[in-house]
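K.L.:
give the three-dimensional model of this entry:
(one chain, ligands or ions: 1)
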Amino acid sequence: MFSIATGPATIRLARLDDAAAISRIHQSHVPRWYRKTGGEHCEVGYEALTLDERYGFGGQWMSTETCAIHLNNLLLSHHMPYVAETDGKPVAEMELFVSREGPPYGRACHIGLLYVDKAFTGHGIGAMMVEKALQYARENRCDSLTVSATRATEEFYRRCGFAFRDALVEIEALPGDFIVDVAPLPPPLSLQSFTWGMNMHIGRLQSSAYHVFEAASEYALASCMNVQRHIQYLTVNGHPSVFVCQCPVPGNAVVRGWSAGADAGDLVFAALGKAAAMGVRTTNMLLCRKDYEHVEGLIESRLIGTRRTLMIKL
Ligand SMILES: CC(C)(COP(=O)(O)OP(=O)(O)OC[C@H]1O[C@@H](n2cnc3c(N)ncnc32)[C@H](O)[C@@H]1OP(=O)(O)O)[C@@H](O)C(=O)NCCC(=O)NCCS
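P.N.:
Sure thing, here's the model as predicted:
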């Protein structure tokens, strides 16, 4: 057993060799493994599930194979996966993404994900990982360290020094026609370079994380290969902007949107107009609550969830 008095764990950059151990850390948070048959949840062991079925419990971290592809993508894109080890065994994983965001975040180091093996929680390992993220952010001249917290993790991050920054809402909105000036733009070399420094008004503050997930979502699994993705470069009221619409099920689009100057409300109107033109029936978007309040009375929508962005200003 490790000693808390001498420090609970050592932290190092993850390697491809860690894929199995990292996958086990994430699996420890899944309470039960089951298969859906005819609307029934039939309890089966982890080993009985296919890679595709496991993916449905929590994405690419759920199997060694897909976790290795994900780690490979992170490491090749210079994103930072860290593990904390006790007795030479990884017991926590954290993924850091640096990007340039609109104000007030600036050059932001974002904790895309932090999981401590369930059996090792409550021993200060999570706090050590956040300390590592702070150190990395400072060494890399970031203006802020950010995280998107859920109800279950917010108190932990507050205790680690984070302060509330933005309330986010997840909405379902119906496409439609709105008065906003939209014109096509020729595609740039890459989405990542195009959006550098832009405000990510729709899908808040996940820019760098989004880029890597986009690359990483190309697994040869039925649940990934059926997801269609449309990218539209355009100007909104004269400002260079881009939408990414991901359609996990036909007729529904998860929308992300960046702009170099258009306000969030106009970007939402333009996104709903584009979705209507694509024949989409419903859209899902993540917005700042205050941006949503500006458009709420003008669009047909309903609230489906909330999240909060927390920040440490550096
Ligand atoms: C949240 C999590 C990272 C915390 O890790 P941990 O190693 O157990 O946390 P620590 O032991 O370092 O705790 C640090 C402090 O936060 C507190 N804390 C930890 N988890 C907490 C929680 N869920 N709620 C409230 N406080 C919490 C601890 O009591 C401790 O407080 P103290 O400094 O006053 O003693 C870990 O429980 C985890 O991996 N959870 C699942 C993560 C998840 O669901 N992520 C989804 C979004 S990516």
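
K.L.:
Gly273: what's it in contact with?
P.N.:
Listed by C-beta atoms under 8 Å, 6 or more residues apart in numbering, the contact partners of Gly273 are Pro175, Gly176, Asp177, Phe178, Val180, Val182. Every residue, glycine included, has its C-beta placed from N, CA and C.

K.L.:
got TSV for those residues, with neighbour count too?
P.N.:
Formatted as TSV, the contacts of Gly273 follow (neighbours: other C-beta atoms under 10 Å):
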residue	neighbour count
Pro175	22
Gly176	13
Asp177	10
Phe178	18
Val180	17
Val182	19
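
K.L.:
so which of these comes closest to the ligand?
P.N.:
Comparing those against the ligand with C-beta to the nearest ligand atom places Pro175 closest, at 29.8 Å.

K.L.:
in the stretch 1-150 of the chain, what residue comes closest to the ligand?
P.N.:
Proximity to the ligand, evaluated over the stretch 1-150 of the chain using C-beta to the nearest ligand atom, is greatest for Gly126 at 2.4 Å.

K.L.:
what's the burial count for that residue?
P.N.:
Using other C-beta atoms under 10 Å, Gly126 has 23 neighbouring residues.

K.L.:
now do Val280
P.N.:
Count around Val280 with other C-beta under 10 Å applied: 20.

K.L.:
how close does the residue lying closest to it once chain neighbours are set aside get to Tyr233?
P.N.:
Spatial nearest neighbour of Val280, chain neighbours left out: Ala253 (4.5 Å); criterion: C-beta to C-beta, 6 or more residues apart in numbering. The gap separating Ala253 from Tyr233 is 17 Å, by C-beta to C-beta, to the nearest Å.

K.L.:
neighbour count: the two, which is higher?
P.N.:
Ala253 (27 against 15).

K.L.:
sorry, back to before: three-state assignment of the residue of the stretch 1-150 of the chain closest to the ligand?
P.N.:
Under the three-state scheme (DSSP: H, G, I helix; E, B strand; the rest coil), Gly126 adopts helix.

K.L.:
residue contacts, it?
P.N.:
Taking C-beta under 8 Å, 6+ apart as the criterion, Gly126 is in contact with Ala92, Leu114, Val116, Phe156, Cys160.

K.L.:
let's see that with 7 Å instead.
P.N.:
By C-beta atoms under 7 Å, 6 or more residues apart in numbering, the residues touching Gly126 are Ala92, Leu114, Val116, Phe156.

K.L.:
those residues also near the ligand: which ones?
P.N.:
Leu114, Val116, Phe156 (C-beta under 6 Å from any ligand atom).

K.L.:
which among those residues count as buried?
P.N.:
Among these, the ones that count as buried by 16 or more other C-beta atoms under 10 Å are Leu114, Val116, Phe156.

K.L.:
ok, residues contacting stretch 158-178?
P.N.:
With contact meaning C-beta under 7 Å, 6+ apart, stretch 158-178 is reached by 127, 130, 147, 204, 269, 272-273, 275-276, 280, 282-289, 292, 299-312.
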